[in-house]
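Novice: Build me a model:
(chains A and B)
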Amino acid sequence: MIQASHLSKIYRIDEVETRALDDVSFSVDKGEFVAIMGPSGSGKSTLMHLIGALDTPTSGEYILDGENVSKLKDDELARIRNKKIGFVFQAFNLLPRRTAMQNVMLPMMYAGIPMEQRIETAKKYLKMVGLGDRFDHTSNQLSGGQMQRVAIARSLVMNPSIILADEPTGNIASHQADEIMKIFQDLNNEGHTIIMITHEPDIAAHAKRIIMIKDGKIVSDSNKHAQRKIKKIT
Amino acid sequence: MKYSELLTESFGTLTINKLRTGLAALGIMIGIGSVIALISLGQATQQSISNQIQSLGANLLTVSPGAQQTGAVRGATGGQTTLTLEDAKAIQTSSQVNTISNVSPEFSKRAQVITGRNNTNVSIIGVVPAYEIIHKIAIDTGTFISQRDVDSMGKVAVIGPQVVSDLFDVGSNPLGQTIRITNQSFTIIGVTVSKGGSGFGNQDDIVWVPLSTAQKQLFGVNYLTSIAVEAKSQDVMTDAQNQIGYLLLSRHKLNNPAQADFSIFSQQDIINTASQTTGMFTTLLSGIAAISLLVGGIGIMNIMLVTVTERTREIGLRKALGATKKVIITQFLIEAIVLTFFGGTVGMFFGIIVSYVVSKLTSFPFIISPSAIILAIGVSAGIGILFGWYPARKAANLQPIEALRYE
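Specialist: All right, here's what the predicted structure looks like:
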């Protein structure tokens, strides 16, 4: 599903080079539930942006679903984000003052899916995340947990290859966080591939595999096969 | 993605953020409205002044005593006594002058006019019946000065509506009442219709009496202060001017036009001068309009820039969810076009209504200048669309993650 080899990202601000990601290689198979962990400034967000086709690497190769994303142009990246990646952000990022339905239908609008099908699909996924009675609520009428569930429904409507969650429980109360994690686990059990960025160990514990990052490098990977590889290198 | 769908999405954004949309539209509205109102008022003023001059008589030539330029010295017009009733009669009857239809010898002087309690200082004009035709005097009630009044040196007067309101109580009928001018009693035989006065002397604040009475009874003179001559048509104005000029030169025994002790103005000269003046006025107003266009434009620019900038996060999100650059820019462009079109249309009606109200409150005509509308809408729409498009393009060019993080 995902093959990343020798990914590097260098930011250059006022002649000062920052190596946010330094020669990172890993792969993720279909159906995996991976948590990427690391302290702030470790490069985990940068890695997430590269995986999410929100940004392109300075060097290295990133292959998603057989397509070399690191070489793609802007509009092709937009297509990849639209069709292959479902985003769940820490800050929910719903369009303010729009209803849950309108927010969930947005990716389908950009994909050019007919209206009837959009409505049907959006209802299906909103019901799935337990918001069958909140179709026409605007984001300011929803709690943090409910907003994140709308965001999850939105990430699912295009049936993406991976769901990419960036600190999905960072902005919501802990009892709601458990519900959110339950949804992710259910999705994973149904066969969805999930990559989650977090710095909380108890949230990461829901995942089946944990990749630790520090100073732009992978320092551990609970995937045995990968671990062996790392040991060999070091 | 279809354009109809982008249109729906744009309308959605505009209707959801009513305050933001309203403010942006208001900026555009005021920019366009004020420009249209200002230019229309300028043109209305110009039109009003030339209308008033036209209403004084377009084929009119005025012979005044006093020198045209003689060397570096110019005698004060009206300060001389060279024009006589005989001159006027000669102009009327001479075979040399065949391009005129009416001649009105006039003597005018300001004097105090008194009724029982009230008094006012107005122009007293001694006239003959031809005055009514030449100066297009319209009588509201009663009659104008007749030939019999002139022949009999009658103590009768026709007064303007301003004089009526100055001397008489509201509602009372001035006809048949008596006014006193330099201690002599005159009976009012007519009141004129209001011409609406401003600029070139108030046409409503005049008392007309028979010329003979004015010259002999009131002021004791035998000269005229002016002779108004109506040419047969506007085409022969120059001929008439020359013919009268030569006739008077020979009557006054002068050989050289440079020595003339009279001058002849045509109404056209006055219109030309006035047009120049009002033209300057319009230029001034256009200047003000241009400044308000600029200010309005900057206002539009500001609100569009702020609107798009505060939506950078939204643009980032839309890009993350799969919107291409083109789709983003198109959506913002549609929003800018809808906004400027809506604001522009309302602003146009706002400007037209202001011009209409002002024309109702004053005597100005109601003029809407299509060029002003095109200019105002063109510039404002141009600015609105440019500054809706430019920041949207900038935001659409950002990496989605930068846009998402934008604070």
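
Novice: Would you map the helices across chain A?
Specialist: A:44-51, A:74-84, A:100-111, A:115-128, A:144-156, A:174-189, A:201-204, A:224-233 (DSSP state H).

Novice: thinking A:Cys218 is in contact with A:Lys44, fair?
Specialist: No, residue A:218 isn't Cys; it's Ile. No. A:Ile218 is beyond contact range of A:Lys44, at 10.2 Å (criterion: CB atoms under 8 Å). To be clear about C-beta, it is placed using only N, CA and C from the backbone, and glycine gets the same treatment.

Novice: Turn the helices of chain A into TSV, columns for distance to chain B, mean neighbour count and mean pLDDT.
Specialist: As requested, the helices of chain A are exported to TSV (distance: least, CB to the nearest CB, whole Å; neighbours: other CB atoms under 10 Å in any protein chain shown; pLDDT from 0 to 100):
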stretch	distance to chain B	mean neighbour count	mean pLDDT
helix A:44-51	5	24	89
helix A:74-84	2	19	92
helix A:100-111	4	23	94
helix A:115-128	9	16	94
helix A:144-156	8	24	94
helix A:174-189	18	16	91
helix A:201-204	22	16	90
helix A:224-233	26	11	55
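
Novice: Export those helices as JSON lines, with columns for distance to B:Ala381.
Specialist: Putting these into JSON lines (distance: least, CB to CB, whole Å) gives the following:
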{"stretch": "helix A:44-51", "distance to B:Ala381": "39"}
{"stretch": "helix A:74-84", "distance to B:Ala381": "29"}
{"stretch": "helix A:100-111", "distance to B:Ala381": "28"}
{"stretch": "helix A:115-128", "distance to B:Ala381": "32"}
{"stretch": "helix A:144-156", "distance to B:Ala381": "36"}
{"stretch": "helix A:174-189", "distance to B:Ala381": "47"}
{"stretch": "helix A:201-204", "distance to B:Ala381": "52"}
{"stretch": "helix A:224-233", "distance to B:Ala381": "59"}
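
Novice: what residue ranges in the stretch 51-200 of chain B score low on pLDDT?
Specialist: B:53-58, B:67-80, B:196-200 (pLDDT under 70).

Novice: need the strands for it, in chain order.
Specialist: In the stretch 51-200 of chain B, the strands defined using DSSP state E, counting those that start in this stretch lie at B:60-65, B:100-114, B:119-127, B:139-142, B:156-159, B:178-181, B:184-192.

Novice: among these, which is nearest A:His175?
Specialist: Nearest of those to A:His175, taken as CB to CB: strand B:139-142 at 90.7 Å.

Novice: just checking, what packs against the closest one?
Specialist: strand B:184-192 (3 or more CB pairs under 8 Å, 6 or more residues apart in numbering or on different chains; DSSP states H and E).

Novice: and the helix or strand that the strand it packs on is followed by, how far out from the chain's middle?
Specialist: Per DSSP states H and E, the first helix or strand lying C-terminal to strand B:184-192 is strand B:206-210. Distance of strand B:206-210 from its chain centroid, counting by CA atoms, centre = their mean, to the nearest Å, is 28 Å.

Novice: rewinding a little: want to throw the strands of the stretch 51-200 of chain B into JSON lines with mean neighbour count?
Specialist: Shown next, in JSON lines, are the strands of the stretch 51-200 of chain B (neighbours: other CB atoms under 10 Å in any protein chain shown):
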{"stretch": "strand B:60-65", "mean neighbour count": "22"}
{"stretch": "strand B:100-114", "mean neighbour count": "19"}
{"stretch": "strand B:119-127", "mean neighbour count": "20"}
{"stretch": "strand B:139-142", "mean neighbour count": "14"}
{"stretch": "strand B:156-159", "mean neighbour count": "26"}
{"stretch": "strand B:178-181", "mean neighbour count": "18"}
{"stretch": "strand B:184-192", "mean neighbour count": "19"}
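
Novice: Map the structural domains onto the sequence of chain B.
Specialist: B:3-53+B:278-405, B:81-260 (automatic domain parsing).

Novice: What's the end-to-end length of the longest one?
Specialist: The reference is to domain B:81-260. Start and end residues of domain B:81-260 are separated by 13 Å (CA to CA, to the nearest Å).

Novice: Kindly report the residues of chain B close to chain A.
Specialist: Applying CB under 8 Å from any CB of the partner chain, we find that chain B lies next to chain A at B:1-2, B:5, B:9, B:12, B:16-17, B:313-314, B:317-327, B:399-401, B:404.

Novice: Single out the most deeply packed of the domains of chain B.
Specialist: Counting by mean count of other CB atoms under 10 Å in any protein chain shown, domain B:3-53+B:278-405 has the highest mean neighbour count of the domains of chain B, with a mean of 19.

Novice: so which helix or strand takes in the residue nearest to B:Ile49 when sequence neighbours are not counted?
Specialist: Closest residue to B:Ile49 apart from its sequence neighbours, by CB to CB, 6 or more residues apart in numbering or on different chains: B:Thr278 at 5.1 Å. In the assignment (DSSP H and E), B:Thr278 maps to helix B:267-310.
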